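Undergrad: I need the structure of the sequence given here:
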Amino acid sequence: MQALRTAASGMSAQQLNVEVISNNIANMNTLGFKRQRAEFQDLLYQTIERAGSQSSSDGNIVPTGVQVGGGVKAGSVYRITEQGTPTLTDNPLDVAIQGKGYLQILLPSGETAYTRAGNFSTNDQGQIVTEDGYTVQPGITVPQNAIDIIISKTGMVQVKLDGQPQPQTIGQLQLANFMNEGGLEAIGDNLFLETAASGAANLAAPGQPGFGVLMQRYTESSNVDSVSEITALITAQRAYEMNSKVISTADQMLQTTSQMRS
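TA: You can find the predicted model right below:
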């Protein structure tokens, strides 16, 4: 019976839906995290009677036909890149991006990764790095005798040195933009990689047209909304239950048919 396979595909789809929702909820407190949404497509249809086919010798045609769906499949898991709430940290090396863009991170493999999580610190050589020790690009080194760090909205990094009244510029942060942010490949650790789907990175200083600005001493919170996720979870659970009910009903119908034949 086709209903068994159709309902089974519905249960598999809702299982994926719950897995995506659970990942969103698990990352409610992950800096720079962007929630995801599972999207689905219907499967091929079995055409029993085609719409528009001739139904008589007089030229009458079937207005709607008869098509029976085969179920559902996962179409994509889409990343929603809307802005998260900036949170004050008072760490002078923390930066949040207000608007579009990603900060560049140099991986040990030599690849450039991208992130919205701006919780940075310095390593033993004074370089600005992520919490995993990866260098923030372009490499900026804070002098040992620096008494204060200033990061402007446009990404200029300056330090105040002991005994010198004027700040010194030590680097310029840049942001990367992509035509399709949803096409970036998530690799964990709040990092993304460029793909053919995302398009090549477009680099510019913060504040340029189409690019966000930096907020020093802030980090960007996850954009997960707990109420929306719980609501979606309940909806997915009910859909899963209804599909399981369809399987039970179809099984009972098959059992009745089997008893009639015996």
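
Undergrad: CA only for contacts and neighbour counts going forward, please
TA: OK.

Undergrad: tally of neighbours for Leu107?
TA: Using other C-alpha atoms under 10 Å, the number of residues around Leu107 comes to 16.

Undergrad: One more: Ser258?
TA: Other residues near Ser258 number 10, with proximity taken as other C-alpha under 10 Å.

Undergrad: Quickly note the distance from it to Asp251.
TA: Using C-alpha to C-alpha, to the nearest Å, Ser258 is found at 10 Å from Asp251.

Undergrad: what do you get for Asp132?
TA: Going from Asp132 to Asp251 by C-alpha to C-alpha gives 53 Å.

Undergrad: more crowded one of those two?
TA: Using other C-alpha under 10 Å as the criterion, Asp132 and Asp251 rank with Asp251 on top: 15 against 10.

Undergrad: Find the nearest non-adjacent residue to that one, please.
TA: Leu4 (7.8 Å; C-alpha to C-alpha, 6 or more residues apart in numbering).

Undergrad: Quickly find the element holding that neighbour.
TA: helix 2-26 (DSSP states H and E).

Undergrad: and that helix, what other elements does it pack with?
TA: Under the contact criterion of 3 or more C-alpha pairs under 8 Å, 6 or more residues apart in numbering; DSSP states H and E, helix 2-26 touches strand 36-42, strand 72-79, helix 226-261.

Undergrad: weakest of these by average pLDDT?
TA: Lowest mean pLDDT within the helices and strands packed on helix 2-26: helix 226-261, at a mean of 87.

Undergrad: Would you mark the buried spots in that helix?
TA: Glu229, Ala232, Leu233, Ala236, Gln237, Ala239, Tyr240, Asn243, Ser244, Val246, Ile247, Ala250 (16 or more other C-alpha atoms under 10 Å).

Undergrad: distance of the fourth one from Gln14?
TA: As for Ala236, its distance to Gln14 is 6 Å (criterion: C-alpha to C-alpha).

Undergrad: before we move on, what about the second one?
TA: Separation of Ala232 from Gln14 (C-alpha to C-alpha): 11 Å.
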